[in-house]
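>>> Give me a 3D structure for the following:
(one chain, ligands or ions: 2)
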Amino acid sequence: MRIYNTLTKKMEEFVPFNQKEVTLYTCGPTVYHYAHIGNLRTYIFEDVLEKSLEYLGYNVKRCMNITDVGHMSSDADTGEDKMLKGALREHKTVYEIADFYTKAFFEDADKLNIRKPKIIKKASEQIDMYIKIIKKLLEKDYAYISNGNVYFDISKAKDYYQLSGKKPLELIIGAREDVELDKYKRNPYDFGLWFTVSKFENQDMRWDSPWGFGYPGWHIECSGISIKYLGEYLDIHCGGVDNIFPHHTNEIAQSEAYLDHKWCNYWLHGEHLNDATGKMSKSKGEFLTVSLLESKGYNPLAYRLFCLQSHYRNQLVFSYDTLDIASNTYNKLINKIKNIKDNAYGKIENEVVDRFQNKFKEAINNDLNTSLMLTCLYDILKENVNNNTKLEIIKKFDTVLSLSLLEDNKRIIDKDFIKYIEEKIEERNLAKNNKDYETADKIRKELEEKNIIIKDTKERTIYEVR
Ligand code: AMP
Ligand code: ZN
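Ligands and ions are numbered 1, 2, ... in the order given. From the prediction side, this is the model:
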């Protein structure tokens, strides 16, 4: 597989440490609120990566953490404690907040056919491992104690700026603008490994440590969990682009200082999903969640298709108009496949299966090019070959695309059925234009009774068959 490595800033041939098993670590959610659909774009990318590796024949051992302690609203140890913010917002304990939003995260992921990683570890349950690493970092003089907290001294790290490509000067300028200076740090970008002198007096999650009662910094959690569960040599580490600095940069610094050797070979980062205002946010504007999309009549898998239509390294702007188009494409796709299923015949032609599988693998090898993978899918629908062969190929592609293309419980949507819906929608729009809202409502209800949910957007009326 050829893949873009953020560490080297190059496309590279992927070569795992061990041919039999690829180790993959993906940073998990901070469970203080629902995940927005931007966060979930990153998890869709990681899901496609894991399943693509399997498609190529690798066994994948994947681990993900659940960040339930230590993550500040600024990634540089400053600002508010995210978990505490959630607890105060909802008058609950941080443990209750963590449990609730962890469950919500996996429910949303499930709706998007994102598979649960084999190994999932809560950050708050791995304290011994962080203590073990921090002790060693202190012994080796990579870390220091100041005002009761333990910090990592970034001036001691080898190639600290390699992953981010940042220059120390930029950081100093940046520091003046957006980093609250902590006078106990030797360098403004040194980061906390263990906090005992917390500004959050009401912090619930605290543990005994050789340096006092306190809690770990966010970055040490991913290093600790990854090394403990995936070993000292990691093949691939992923996250969204915002994780490159400081989170992943700090993970590399502390892990390699602890291990005395290179830790992870391939660093893959997914670009952001933005909304019309720019950055997607949980506090400003419309908080875009999977449930919100569902409440507006969208199938979550139409959102998955929307993400797959663009490359993971390109920024993507979310709008309901573009989601509408993806939604209609999804419905048409399901409908076409349903027709193929209803007319399944013929002996599977292995030569065609192999040819299409090879094309699909080429798309994977091309830096996980999901839009090319979708082209392979459209091509097989058009191919002049019997339907059983088509179904065999679609089944294989769907192990990666995970769009539930062949699911049996899908409502039968044939041409006549679509014609009926479209005529009804037209009739309703006509009624609306004539301000005959009674008829328009009657038509909506008639469709609803048939489990056809319609939704008016600025451009057009879309529908979903449940
Ligand atoms: P968090 O729950 O804040 O720790 O973030 C979970 C994941 O979502 C991380 O891998 C982030 O890099 C990623 N992420 C955050 N914002 C976005 C966004 N707008 N688009 C895509 N991924 C994002
Ligand atoms: Zn992480």
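>>> Would you mind listing what in the protein touches ligand 2?
Counting by CB under 5 Å from the ion, the chain comes close to ligand 2 at 27, 222. The C-beta positions use only the backbone N, C-alpha and C, and glycine is treated the same way.
>>> for the chain, which spans come out with low pLDDT?
Counting by pLDDT under 70, the chain shows low-confidence ranges at 74-76, 169-181, 199-202, 409-416.
>>> buried residues in the longest helix that the chain contains?
Taking DSSP state H as the assignment, the helix of the chain that covers the most residues is helix 320-342. Residues of helix 320-342 classed as buried: 320, 323-327, 329-331, 333-338, 340-341 (neighbour count, 16 or more other CB atoms under 10 Å).
>>> and if you look at stretch 191-200?
With burial defined by 16+ other CB under 10 Å, the residues of stretch 191-200 counted as buried are 191, 192, 193, 194, 195, 196, 198, 200.
>>> ok, now stretch 280-294?
By neighbour count, with 16+ other CB under 10 Å as the criterion, the buried positions of stretch 280-294 are 280, 282, 288, 289, 290, 293.
>>> Most proximal residue of the stretch 151-300 of the chain with respect to ligand 1?
residue 240 (2.2 Å; CB to the nearest ligand atom).
>>> Phi, psi for that residue please.
Recorded main-chain torsions at residue 240 are phi -80, psi 160, according to degrees, to the nearest 10.
>>> With adjacent residues omitted, what lies nearest to it?
On the basis of CB to CB, 6 or more residues apart in numbering, the spatially nearest residue to residue 240 that is not a chain neighbour turns out to be residue 42, at 4.4 Å.
>>> Make sure that neighbour is actually in contact with residue 268.
No - between residue 42 and residue 268 no contact is recorded; they are 10.4 Å apart, counting by CB atoms under 8 Å.
>>> Looking only at neighbour counts, state which of those two leads.
residue 42 (26 against 23; other CB atoms under 10 Å).
>>> Ligand 2 versus the residue of the stretch 351-466 of the chain found nearest ligand 1, what's the distance?
Nearest to ligand 1 in the stretch 351-466 of the chain, going by CB to the nearest ligand atom, is residue 370, at a distance of 14.8 Å. In this structure, residue 370 and ligand 2 are 23 Å apart, going by CB to the ion, to the nearest Å.
>>> show me the contacts for that residue.
The neighbours of residue 370, taking CB atoms under 8 Å, 6 or more residues apart in numbering as the test, are 48, 307, 308, 309, 310, 311, 312, 363, 401.
>>> Now it: phi and psi?
Here residue 370 shows phi and psi, under degrees, to the nearest 10, equal to phi -70, psi -30.
>>> Please tabulate the contacts of residue 370 in TSV, including the columns distance to residue 91, secondary structure and neighbour count.
Output for the contacts of residue 370, formatted as TSV (distance: CB to CB, whole Å; DSSP: H, G, I helix; E, B strand; the rest coil; neighbours: other CB atoms under 10 Å):
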residue	distance to residue 91	secondary structure	neighbour count
48	39	helix	24
307	35	helix	23
308	40	helix	22
309	41	coil	15
310	40	coil	17
311	43	coil	18
312	38	coil	25
363	49	helix	21
401	42	helix	24
